[in-house]
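**Q** here is my input; please provide its structure:
(one chain, ligands or ions: 1)
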Amino acid sequence: MEKQKCEHKIWGKWGSPYQCRKNAVVQRDGKWHCKIHDPEYIRAKQEERQVNFDKERAESMARGDLDQARKDATKGLTLEVIKTSYSRANQAISNPQIIIKSEN
Ligand SMILES: [Zn+2]
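**A** Next up is the predicted model:
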């Protein structure tokens, strides 16, 4: 008995599609597929890629959030420090007694 060949059509760079000539390993919905053209295999690969993509995106988003939070924290702190220093300096310049009073 002759071995079944994969029925998958391959689109080359040029011209019309040609048939995959690899030996088929599985039959699904009446069509024979080699290992790499098995729709189940292709779907599993796509799912794997999607899972990896989602994971990477989630990780990258988490990293981005962390970076942003760090930036915000630094910015917030710096701004707060500057504001406080500035207002103290302003008060001291315009009305030195307030500072003297408040420190007593
Ligand atoms: Zn094939």
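**Q** ok, stretch 9-25 near the ion or not?
**A** Yes - judged by Cβ under 5 Å from the ion, stretch 9-25 comes into contact with the ion at 20, 22. Heads up, the C-betas are built off the backbone N, CA and C, glycines and all.
**Q** which residues sit against that stretch?
**A** For stretch 9-25, contacts defined as Cβ atoms under 8 Å, 6 or more residues apart in numbering pick out 3-8, 32-38.
**Q** now tell me which of those the prediction trusts least.
**A** Within the contacts of stretch 9-25, pLDDT reaches its minimum at Lys3, with 82.
**Q** the helix or strand encompassing Thr74 near the ion anywhere?
**A** Take DSSP states H and E as the rule and Thr74 turns out to sit in helix 39-94. No - for helix 39-94 and the ion, the contact criterion (Cβ under 5 Å from the ion) is not met; the two come no nearer than 10.2 Å.
**Q** now that helix, how far from the centre of its chain.
**A** In terms of Cα atoms, centre = their mean, to the nearest Å, the centre of helix 39-94 is set 14 Å apart from its chain centre.
**Q** same check on stretch 4-11?
**A** Worked out by Cα atoms, centre = their mean, stretch 4-11 lies 35 Å from the chain centre.
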